[in-house]
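K.L.:
sequence and predicted structure are below.
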Amino acid sequence: MEKIKQISVFVENAKGKLSNITTVLAENGINIRALSIADTTDFGILRMIVQDPEKAQAVLSENDIMVKATEVMVAEVSDEPAGLNKVLCLLKDNNVTLEYLYAFVTKRENEAYVVMKTDNSEIAEKALTAGGVRVLSAKEVYTL
């Protein structure tokens, strides 16, 4: 399965820096599908799933914005008690370390998606699929 590319951008904690990034993406017709921001005192890391990660990386770099692409996976999670727990237990039971995750909702009722970075995406994908969890393809994610 084609790997999903997440775009990570280092953002200075200063007025207007985040909107500079979203302006570049907007001016180039790039839609953000999901995002997460983790911050420290001086900077933040903006992680995004966008419909065209190669183009996003290129236009951000052209505008002197520090950007990196990382492979992640996206799993469909039932929007009910224990939906996320099932995914996390499958990873734990297969000795997969979760580095980080963030979720986004879908237009489909009773479902959400979880973006995950693990230490072994191949084992994680096999474990989730064997456990009845749907893992989305890159094409599915980019066209949500």
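P.N.:
Happy to help now that I have it. Numbering: from 1, shown residues only.

K.L.:
go ahead and confirm Asn94 touches Ala124.
P.N.:
Yes - judged on CB atoms under 8 Å, Asn94 makes contact with Ala124 at a distance of 7.3 Å. Every residue, glycine included, has its C-beta placed from N, CA and C.

K.L.:
who has more neighbours, the two?
P.N.:
Each of Asn94 and Ala124 has its neighbours counted (other CB atoms under 10 Å); Ala124 has more, 24 against 16.

K.L.:
okay, buried residues for the lengthiest strand in the chain please.
P.N.:
As assigned by DSSP state E, the longest strand anywhere in the chain is strand 67-78. For strand 67-78, the neighbour count (16 or more other CB atoms under 10 Å) marks Val67, Val72, Met73, Val74, Ala75, Glu76, Val77 as buried.

K.L.:
strands of this protein, residue ranges please.
P.N.:
According to DSSP E, the chain carries its strands in the segments 4-12, 32-39, 43-50, 67-78, 98-105, 111-118.

K.L.:
just want the angle from the fifth one to strand 67-78.
P.N.:
To tie it back to what came earlier, the one meant is strand 98-105. 70 degrees (axes from the mean of the first three to the mean of the last three CA atoms, to 10 degrees).

K.L.:
Val67 and Leu84, how far apart?
P.N.:
From Val67 over to Leu84 the distance is 29 Å, taken as CB to CB, to the nearest Å.

K.L.:
that older thread, identify whichever of the strands of the chain lies nearest to Ala58.
P.N.:
With CB to CB, the closest approach to Ala58 among the strands of the chain belongs to strand 67-78: 9.0 Å.
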